[in-house]
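**Q** sequence isn't available, so here's the structure alone:
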């Protein structure tokens, strides 16, 4: 049932308050997105930051004008102010409020960015028969701060955050092939093998999410992660920034397969 | 000069005895092939073996009829009996003779197979800026017997032989992407990381070729290797089998880029 629900029906249930939880496993086959909303005078620098760092910050869509809250390119009747089940309001880089609707915060100068999410590439990995551990263990994917610098843009700079999924070597090679077809949802992994080479000292203590089991003979495989822009935004401290609650994504009408370049 | 020579001119110099050495670095940009010649009553089983094991045994071309020695699909005026600088004659699985021309051995029942060679994928790796260690160290690529079974076909069976090139993780990921575009020259690697997982006990003692330097933080990356069919043929012991001398490949008129599927 949850997998079969249409994106539009799910968004309507979120808007009416009927669906209040995360969106993992809902509306299978459709792109889910990370949300970043910024005032216009911060938006251009953030757009440049995303352009320079497409692996952690792949833009799937953005509002065409400041103040636009309807996003027809991403979905039918899609209102970014109400169609996500949870929002975080950041003021000067601090998480101040968690709300289920941002109509009271909306302003004519706000620009919405929708960034790709790993749900879109986990689906073809699983369809290919690979064991995506955070899914099979029903855990949040483990995420780690690394020593890999993002390319800075204006007031935005910081280190890349990665997600990790363990695989046997042959499956890691297959995962690289599959994810290379999806550049707008983080694309190919950026590292595999020894975690210390990218500044991760304890693979069993992720900085975000849950630790997952790494079985004998498996190697950790690391993808650039959509948490990167959130960490960067907390450092840049814009006066206002609105994001989704982790796990509560924007569910679009775009089929995952549309993001495949091959 | 060596890189710029045309495949046809190089084959003519080989045929006339003017060029007697290996072909590495000659006629850059054109496909070079491994050779296997078998009597007709062994050829069908070998063809099936290649079909079942396309990564170690990728068929680039074969003679359309037993006895054919001109191979127009592979090159202009290409005579497989004289256009390779060195041949090995195997009788009952034993290397009996090394010759520079096989006209005296030719029979109406012989079938020629041309199999892809790693030269074709090393070229785009180098063009992309990767350090292919056996090339930069001017050594033969290190090759190892593994514990990975080939799929058997009739009298042909055995273990996969792999070649190894060391890379930093990010370069290994890039190499997987590039080589995935070349399925007819071994395609993507089949393993990376811990050599013992595929039965290699000492990475510094290859079974064929030369050991290369593995720098700090690099991991070994393993490709299925065209030596696999030679090892399998030595076990199967057909009464007659003719191969090229290692490094003395058939240089075809096919551009490497033609083998790219993308």
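**A** Here it is on my side, so go on. Note that this is a predicted model, so its numbers are computed, not measured.

**Q** so residue A:22 is in contact with residue A:84, correct?
**A** No. The criterion here is Cβ atoms under 8 Å, and residue A:22 misses it with residue A:84 at 10.6 Å. To be clear about C-beta, it is placed using only N, CA and C from the backbone, and glycine gets the same treatment.

**Q** name the residues contacting each of the two.
**A** Shared contacts of residue A:22 and residue A:84, defined by Cβ atoms under 8 Å, 6 or more residues apart in numbering or on different chains, are found at A:245, A:248, A:249.

**Q** and chain B, which of those reach it?
**A** With Cβ under 8 Å from any Cβ of the partner chain as the criterion, no member of the shared contacts of residue A:22 and residue A:84 is in contact with chain B.

**Q** quick one: the helices in the stretch 101-250 of chain A?
**A** Using DSSP state H, counting those that start in this stretch, the helices of the stretch 101-250 of chain A run over residues A:119-127, A:133-136, A:169-180, A:227-236.

**Q** Serialize these to a markdown table and add fields for mean neighbour count, mean pLDDT and distance to residue B:15.
**A** Formatted as a markdown table, these follow (neighbours: other Cβ atoms under 10 Å in any protein chain shown; pLDDT from 0 to 100; distance: least, Cβ to Cβ, whole Å):
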| stretch | mean neighbour count | mean pLDDT | distance to residue B:15 |
| --- | --- | --- | --- |
| helix A:119-127 | 20 | 93 | 50 |
| helix A:133-136 | 18 | 94 | 58 |
| helix A:169-180 | 21 | 97 | 41 |
| helix A:227-236 | 21 | 92 | 59 |
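
**Q** tell me which of the ones you listed sits nearest to chain B.
**A** Closest to chain B of the helices of the stretch 101-250 of chain A is helix A:169-180 (Cβ to the nearest Cβ; 4.7 Å).

**Q** contacting residues around the closest one?
**A** So helix A:169-180 is contacted by A:121, A:124-125, A:128, A:130-131, A:165, A:167, A:186-189, A:192, A:219, A:221, A:223, B:173, B:176-177, B:180, B:188-194, B:197 (Cβ under 8 Å, 6+ apart).

**Q** residue of the stretch 1-150 of chain A nearest chain B, please.
**A** residue A:148 (9.7 Å).

**Q** please name the nearest non-neighbouring residue to that residue.
**A** The shortest distance from residue A:148 to any non-neighbouring residue, by Cβ to Cβ, 6 or more residues apart in numbering or on different chains, is to residue A:160 (4.2 Å).

**Q** ok, the one you found to residue A:150 distance?
**A** 6 Å (Cβ to Cβ, to the nearest Å).

**Q** if we can go back for a sec, now, of the shared contacts of residue A:22 and residue A:84, which are buried?
**A** If you count burial by 16 or more other Cβ atoms under 10 Å in any protein chain shown, the buried members of these come out as A:245, A:248, A:249.

**Q** domains in chain A, as residue ranges please.
**A** Per automatic domain parsing, the structural domains of chain A span A:7-117+A:237-259, A:119-229.

**Q** can you say which of those domains is nearest to residue B:17?
**A** Proximity to residue B:17, assessed across the domains of chain A by Cβ to Cβ, is greatest for domain A:119-229 (43.7 Å).

**Q** who in chain A is up against chain B?
**A** So far as Cβ under 8 Å from any Cβ goes, chain A lies against chain B at A:169-170, A:172-173, A:176-177, A:180, A:188-194, A:197, A:217, A:219, A:262.

**Q** swap the cut-off to 6 Å and go again
**A** A:169, A:173, A:176-177, A:180, A:188-189, A:191-193, A:197, A:217, A:219 (Cβ under 6 Å from any Cβ of the partner chain).

**Q** of all the residues you listed, which comes closest to residue A:93?
**A** residue A:191 (27.8 Å).

**Q** ok, that closest one - how many residues close by?
**A** Neighbourhood size, residue A:191 [other Cβ atoms under 10 Å in any protein chain shown]: 24.

**Q** that one pairs with what?
**A** Beta-bridge pairing for residue A:191 (DSSP bridges): residue A:222.

**Q** contact partners of stretch A:129-136?
**A** The contact list for stretch A:129-136, computed with Cβ atoms under 6 Å, 6 or more residues apart in numbering or on different chains, reads A:122, A:125, A:126, A:141, A:165, A:166, A:171, A:212.

**Q** 10 Å instead?
**A** A:24-25, A:118-119, A:121-126, A:137, A:139-142, A:163-168, A:171-172, A:174-175, A:178, A:209-215, A:218 (Cβ atoms under 10 Å, 6 or more residues apart in numbering or on different chains).

**Q** how long is it from one end to the other?
**A** 12 Å (Cα to Cα, to the nearest Å).

**Q** coming back round to it: the residue nearest to residue A:148 contacts residue A:207, correct?
**A** No. Assessed by Cβ atoms under 10 Å, residue A:160 is found out of contact with residue A:207, at 12.0 Å.

**Q** higher neighbour count, residue A:22 and residue A:84?
**A** More neighbours surround residue A:84 than the other of residue A:22 and residue A:84, with 25 against 17 (other Cβ under 10 Å).

**Q** pLDDT score for the nearest residue to residue A:71 once chain neighbours are set aside?
**A** With Cβ to Cβ, 6+ apart as the criterion, residue A:71 has its nearest non-adjacent residue at 4.9 Å, and that residue is residue A:78. Per-residue pLDDT puts residue A:78 at 98.

**Q** how about residue A:1?
**A** Confidence score, pLDDT, at residue A:1: 62.

**Q** now swap in residue A:168 and tell me
**A** Per-residue confidence (pLDDT) for residue A:168: 98.

**Q** for it, give me its contacts.
**A** Shown in contact with residue A:168 (Cβ under 10 Å, 6+ apart): A:130, A:131, A:174, A:215, A:216, A:217, A:218, A:219, B:191, B:193, B:197.

**Q** hmm, 8 Å instead?
**A** A:217, A:218, A:219.

**Q** do the same with residue A:249
**A** Residue A:249 is in contact with A:22, A:23, A:32, A:33, A:34, A:35, A:84, A:117, A:119, counting by Cβ under 8 Å, 6+ apart.

**Q** next step: those residues restricted to helices.
**A** Using DSSP state H, the subset of the contacts of residue A:249 located in helices is residue A:119.

**Q** cross the contacts of residue A:249 against strands and list the overlap.
**A** Secondary structure of the contacts of residue A:249 is defined by DSSP state E; positions in strands are A:32, A:33, A:34, A:35.

**Q** name the nearest residue to the second one, sequence neighbours excluded.
**A** Right, the one you point to is residue A:33. Excluding its sequence neighbours, the residue lying closest to residue A:33 (Cβ to Cβ, 6+ apart) is residue A:114, at 3.9 Å.

**Q** count of neighbours near the one you found?
**A** 28.

**Q** which stretches in the stretch 51-200 of chain A count as strands?
**A** For the stretch 51-200 of chain A, the strands defined by DSSP state E, counting those that start in this stretch cover A:59-62, A:87-91, A:94-99, A:110-116, A:143-149, A:159-167, A:191-192.

**Q** and the ones you listed, which is most packed in?
**A** Neighbour counts (mean count of other Cβ atoms under 10 Å in any protein chain shown) averaged over each of the strands of the stretch 51-200 of chain A peak at strand A:191-192, with a mean of 26.

**Q** contacting residues around that strand?
**A** A:146, A:162, A:172, A:197-198, A:219-222, B:169-170, B:172-173, B:192-193.

**Q** go again using 6 Å as the cut-off
**A** Identification of contacts with strand A:191-192 by Cβ under 6 Å, 6+ apart yields A:172, A:198, A:219, A:221, A:222, B:169.
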